[in-house]
Structures are given as C-alpha cells and as structure tokens.
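Trainee: Coordinates only, no sequence provided:
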C-alpha cells in the first residue's frame, strides 16, 4: 500500500445495521441518477423483512467489560485544568481581574453583576460588588473591568458595558467610586461616562491600565462575522473601531473627561482619531501588559482561517480586513497610514476558533512557564504558551486540552494565573502539572487490542458492544458505514431524551467505513477504516484505525491522518464513474483518513461532540407491526437509556432517510442538510455564514430563503442562498455541485453526492416564493428577481453557456443527469477544461478521471511528495517567472532580472541541497539571513514601515516591503526592531501541484553559475 493524495469516490452500497441481534444485511442500492448515494439509514421494508414480526428484543444487554481504550496514544500534555474555587459558580462570567492593594479577585458577569471574593480555594460564596442594571436600565452586556493603578488610594473602578446593540454610542467605558467597605462595594450613583463608541457584534471591550498609568481599551469592527468587516472599519482610522485606544483619564479636558497623551502615534495626523494607539483588529478579545517588560499582548478573534496573537506596537497596523493574519481578505481596499505587521503567532481553525488573550506568566507556582505568554481558545478549550525574545518566538508549546469555553484569563498581584469557563461550568480554573500517567505505550495500536471486537477478522463486536442505526447518515464520498456503541459495564445514557444526552466516562462510539472491492460492482466490501470517539475525563477524543490489505486487523492512524491507495478492478460491464469518463479494467482507488484535528472541527464541544447519537437521529422506527419496532424503546429495555421514551415522544418529528424517495421531499432535504451541514451551520457551530440548518427550525427561520450570500456569490446573477424555484441561482446548490475552494461540505468529503445534489435541486425547484414571505425583516435585503429563462440543451450554445456561472451550472447539471449525448458531453468537457474562470472550471472537475484532476500541495504537505518527482528546468523557469500568485521575481534577482528586496538567487543551487532548499520555501521564517533580516521601523511622526535595512548611519536607508526606497534621518526614528517574520510570503507553494513545485525546485537548483546555459 502506498500514499497518494487523491480522494476515492464510487458507487455505494446499502448496509443496514439491525440493532439487538448483531446482524448486518448488505445489498446493492437501486440504480439512481448516474451515481448511487449511500443508503445508511434503515429502510422499513428491509428491516421488517430481515427481522420478521418476532424481533427478539433482549430484556437486558450484556455488560461491556473488555475495554482497553484508556488514555491517549500521545504522551499527556504537561498541564491540566483544576478547579481553583470549587465552591464558586457564576452566570456567564466574562472577566476575572485583580485590584492593587487587595488579594481579592473580581468577576464580571455578562448580565451586569460584578462580584468579589477572597483568593482562597475554600471560598464558598462570592460577594456582590455591583449590579449595574440597577443604574443602567438599557444594559445588555458587560464585558470588561479594571481598577485604577493607585487603588485603593484612588478608589476607582472602570467598567465596559453595552447598551442596545448597533447604536452609535452603545459601547460605554464608565468610572465608578468604590466604597471602603468589607467586602468592597461600588457606589452606583457615582457613575461617570468616560468614553462611548458604536456597539455591534464585535465590541472588543478589553480594558487595562498600562505601566505608563494611561488607560488602554480595545474596540472591534462593530459588526457581526458576515460579511467580513461590514463597515470597512479595520483600516479606517477616521473612527475608533477595530483599534486599541489610549487615553489619559487623570487629566480631563473641558469637553471630555480625558485627554490625549502627547506621544500617541497619530495625534498630529490629519483625519485620524488621536486616541488610536494601534489599529487593524477584528475583535481584540482580552489584552494584558507584561508586568515586567510592559509589552502589550492581545488575542484577536479571527474570521474564517486564523486566530491571532499580537505583541502590539505603537502605531501598529494589524491588517484587518486587508488581511486576516497571513490570509488576504480585501486586498484592494484602501489601507491605513502604516504598513501591516504580522502576528507573533497564528492558529488555524483546526485547533482554534475563538482566541482568548492571556498573560505573560511571572508567578512562582509553575516555574517552567516563567516569562511565557499563556493564552487559550474559547471554542476548542486548548491552552498554549509561547516565549518571545523581542525578535521572534523561541519556543511554543501546547499546555493543555480542556473541555471548557475559555472566555477570560486573570492574574493575581503575585503573578499567578486563572482562567474562566464561560457557560459549561461557569467556574474558575488554574493550570496544574498533569497527573495523568503516561499510558501512550499502552494505548491499543491495533483494533484487535481495543476490546471492541470478539473477532476483528470476522468484524464481530465484543459482548456489550451494541450496533445502532441513524436516520440520516452524512455523505462520505459514496462509502458505507456500520456503527456500534459501547457503554462501560452497565452504565446508561443520562439526560433529557429530547435535549442533551450525557454519556458515561469510557463510552466509545465506533464506525467502520467500507467500499466495494470492485468498482461499480455488487461484490465484497473492503473495510477502509474504523473510527472511534472515546469519552474520558469529560472530553471526547477521536481516533481512526486503517485496515490492512488482508482485512484481518487495523492499525492506529497517526494524528496527522493518512492516505491509503490500492489497485481496484472495475467489474465487467459496470458503468463509468458519474457516467462521464471511460471505464478501464484497472485503476487506483484511494481513501483519505482525516487528521484528528479535522475530526474535532465537526465534533466540537459546542454542538455536543457526538453528532449522530441523539433523539432525532436515533428515533428509528420500522416494521409493519403496530406499534412498529422502536430503536429507542429497545435501548430502554436493554438498559442503555435511563429515561423511558414515551409513545408521545417516539411519535414526534425526527429525521428522515434523505435517499428514501417515498418520503416527503421537504423532510428529506432538511434531513440531508442537518446531517451534512448543521453541525457547523447552527448557533455556536462555528460556520461563517449566518444560516441555521438545524432540522428543528422552520424553513422560514433558517436565514436561507431569498437571502443574499455573505460569503460570495460566485458570479451567479441575482444570487441567493436559496432562490425559491431556481436552483441555478442558489449558492447552496452551487456549493454542493463544485470542487475546489468554497465547496460544501468542506470537511469529511471531497467528491460530489449526485443523489444528494438531485434531492436539493428538486427541493429548491418546488419551493414557492410565498414560503419565504415571513423570512423578511429590515436587515434581510431579500433578493427579488424573476427566474431566468432556461433553455433545453443546445450543443451549439455550450461555449456561450460556459461564459456565465449559472448557465455553466445548468450545463454541468445536464452532464450529471445523463441528458447529453456522448459527442456533446465530450465537446462540453473539452471546452470546460480550457476555461480560465475557476467558478466555472470547478463545476466540471468532478467529470474528469481522478488522475486528470489537479492535485495541489496544500499547507502541511509531505516534502517527499515533491522530492520524489523528476523536475524540469524549463517548466520550473516558467513557474518562477510567469505563474500568477508567485512573487519570486518581485523580490529576487536572477541574472540581473527581478527585484532586490531579497537575496540574489543566481547561484542558489550551489548553496542548498534539495531538501534544505525546499524547506526554505516551506518555512521562510525558520532561518533568515542576517543581511536580509526584516525590520519594523517607526518614526517620531508615527509612520510605520516594514522592510529591509540597507544602511544605518546618520541616515537610515530603508527598502520597504512595497519596494520603496526611503532615506530617513536617524534622529527621526522612534523605534527600529527586527521582525520575527521573513519578508518572503508564507504558504508560497500551497497552490502548486507537486509536479509544479518539483519543477520550480529543479529550476532553482540549476542556478549555479554566473550565466545560465539557456540564456
């Protein structure tokens, strides 16, 4: 078996799990559309026929006592979370802070109640410090609080709260007097408004005094997530949004209770708000000052791709929304007055979704963390530490992986740290050395070692491991799945059956993925992987085992995932994939097993982690008896459920098999979207679009009908997320039909579900515009357009249709439907292959044989994929000089051609071996030549530049990253600091194919002489 990065997709076969008797019936799905879709959901007829009227329901299950799944295959992380104050519990806490001169800690609840309590683990109750709603009737949220640096001599507390959302002055910084009582209390009548600004979805509202005695506070971009930076506030320094502001609250003016410090960077720049200290933030959530160095650190909540950590500089521009970290968002927008600075650290959304800034640790309890900036993530619960030497990150560690919503960090006066869980437990935690023993070597590395099977070769579960069915399985590139559940010993599922289910520690869910051995046939099924989801210490951990060639065992997959490949023969007479390209006798079949971080991208704690075991999915009813067989009732009889499901509950609405054409099309389509999309596209799910696809919501409340897309229209005319009656103007349908960027679902699948696509097409087609009447509101901006005139196939119009996305989508639909003749189909594909418009090209990639599709390297690729290929110098020269998106020639010279911001590459082939050169392209900031060190330069007038220092004397000769040459008097320079980031772009190779990267590498390695042979 070898690896290859191509996904497998193929015809699918039906596998029905029969609960309670351990039987699995496999059969061929009926022919459909051109490619049959998975039939994972139970079919009433099949189930009834298989079990008959005398379905043997066991009164009590056999306890599962053979589990050997303990701990993790990875060594324990160095720290774990421990309750710091077990007796204290709050309601949606959002801030924890200290105050000078007292050991008390203070907590802000979102509802406006403030509390204080002694810093003692034995504390049983917190004391009310203030209830702001009693003096601020319109208060909706409270986010930040800090004390005067001379407290209690200056007995003032500063609070940030929000009035009605989306108002011009709805975000408020207010000062209150603190009464010298025990416990302390706020004098609510003493409120003085210090500062106000626009309220919106991103308010910032972190507030701190700096070591200079001045008040710093953060503001967001003033709107919700979509569209990104709606107000275009990030680079607009004529207002105070997307900023960190700096004001003097000790010396007010006649017209305001504060003054502007004279050394604020933009105080003399016309048209710029003088309060601005730095700008270009999206939602700077929690900032802090290093108590030793005075450095200002902030965590900025990202949009689609990156979560960001910044060490904030005077006058710094942090990019939003020109960029999101290293990701370009609005590159053509007008920029602020200073160059964009990179983050110190960025996390992609596989490990972080909502960063929460922390503190630089200077306590005594955790000596290994001395001088580390410690921070975490609200969504994933992960905690990290980084060490920064003023130039670069010298060390970065993941400290802990918790199940908490880390909403805030707090620091005591002696430098110890706490963090708060926002809504799961509403309690305060601290880090302690991990006491979990290292059982990584004991973790089962083979499926046969897990205790889940009595016979792995025969695929027979162990006693107590119970098979189960779901109503709507998700699309997984045409594969099939068998599912089991294992509860330890005699434990039961607790909780509300219609609400949140609570599974005992030690629970395991497992799912074996299968595909046909012979492509397109009804022959035997090949086991690809067995996925498990294991609950331990209140956390869910995903793992996968990949089956060997002889199918008698499966090996544990590494954390980064795996791509499997083998030879697959197409059976005689079987139809070609999708009815498009020609059949062949032998082909490669591939299957990609997701990384563990990808698994947690869907199985997040915010949505319950376990996606398929809940009331709507497992309320399976089948059979001809009255009442019919009920899976949930059977579970109760077996002792799997604590709560008895009533007949009324079992009769309630649940999901439907999306591929059951006898069922109602509305139920089928909503079930399909729930199974494939709703884990992200729901409240708290992390999806960037505002749509809500949970099955429980009426269609009119899903924010899809006639709603203008916020994440792009793909050039569909008069596009809506769902355009009633017109799938070809519906972005939801387009995304399901395409390959490449913007395809949905973007995790867990790499090919188009033909039957699912037909279902969504037919469903949208039958939705009438009247259904959407109740969806409109003042902000919905509904799309109103007459349906476009559609014409039947006309081969002569193919080229014309490929010029417009909606017409190309219709043409691709005809291809999938098998409505085009072989000759026309061939012509269409040849024309589509030549188009340069990605919106169109991505619709037709599915019709190409797998080997003909462009395989891109992506971000974290294996260098061996490039180094194993034979490169071509001439092709590589073309990649270097002529490929869009490659910036090599802009910054580097080769034989007197190109720019000179970076090193001359004319003889680079003499300097590096292939692997070392490739590594410099993959990680340009890992090692930077001193001569080409990037610098950040700040002038005394507040101008900030990033680039290369060419000369330093009484004047600085400085070349900016925009290739501008500046000559600046040394006396005009406020700060000159080296940057930890190379001027060379990150992820330079991700859009190239392995062969293109190999060609580029070969060309660079050929540069070894003063003049090339070919020139």
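Mentor: Cool, the structure landed. Bear in mind the structure is a predicted one, so any value in this text is a computation, not a measurement.
Trainee: how far away is residue 90 from residue 840?
Mentor: 54 Å (C-beta to C-beta, to the nearest Å). The C-beta positions use only the backbone N, C-alpha and C, and glycine is treated the same way.
Trainee: now residue 935
Mentor: 44 Å.
Trainee: More neighbours: which of the two?
Mentor: Shown here are residue 935 and residue 840; by other C-beta atoms under 10 Å, residue 840 has more neighbours (24 against 18).
Trainee: and the closest residue to that one other than its chain neighbours, which of the three is it?
Mentor: Excluding its sequence neighbours, the residue lying closest to residue 840 (C-beta to C-beta, 6 or more residues apart in numbering) is residue 808, at 4.3 Å. Following DSSP: H, G, I helix; E, B strand; the rest coil, residue 808 is assigned to helix.
Trainee: can you tell me which residues contact residue 808?
Mentor: 801-802, 832, 839-840, 843-844 (C-beta atoms under 8 Å, 6 or more residues apart in numbering).
Trainee: Now, those residues that are in helices?
Mentor: Among the contacts of residue 808, the members found in helices (DSSP state H) are 801, 832, 839-840, 843-844.
Trainee: Mind picking the lowest-pLDDT entry from these?
Mentor: Note: of the ones in helices among the contacts of residue 808, the lowest pLDDT belongs to residue 839, at 80.
Trainee: from the contacts of residue 808, which is closest to residue 96?
Mentor: residue 839 (47.9 Å; C-beta to C-beta).
Trainee: Contact partners for the closest one?
Mentor: 714-715, 805, 808.
Trainee: Are any of those residues buried, and if so which?
Mentor: By neighbour count, with 16 or more other C-beta atoms under 10 Å, these hold 714, 805, 808 as buried.
Trainee: is it true that the second one touches residue 716?
Mentor: Going back to what we said before, that points to residue 805. Yes: with contact defined as C-beta atoms under 8 Å, residue 805 counts as touching residue 716 (5.3 Å).
Trainee: Give me the common contacts of these two.
Mentor: With C-beta under 8 Å, 6+ apart as the test, residue 805 and residue 716 both reach residue 734.
Trainee: Check the secondary structure at the closest residue to residue 238 other than its chain neighbours for me.
Mentor: Once flanking residues are discounted, residue 238 sits nearest to residue 271: 5.5 Å by C-beta to C-beta, 6+ apart. Using three-state DSSP, the structure places residue 271 in coil.
Trainee: pLDDT score assigned to residue 271?
Mentor: pLDDT at residue 271 comes out at 95.
Trainee: roughly how far apart are it and residue 330?
Mentor: 20 Å.
Trainee: The two - which one has more neighbours?
Mentor: More crowded of residue 271 and residue 330, by other C-beta under 10 Å: residue 330, with 18 against 9.
Trainee: Backbone dihedrals for that one, please?
Mentor: phi -120, psi 70 (degrees, to the nearest 10).
Trainee: How about the contacts made by it?
Mentor: Contact analysis of residue 330 by C-beta under 8 Å, 6+ apart lists 228-229, 232, 321-322.
Trainee: between those, which has the most around it?
Mentor: Of the contacts of residue 330, with other C-beta under 10 Å as the count, residue 229 tops at 26 neighbours.
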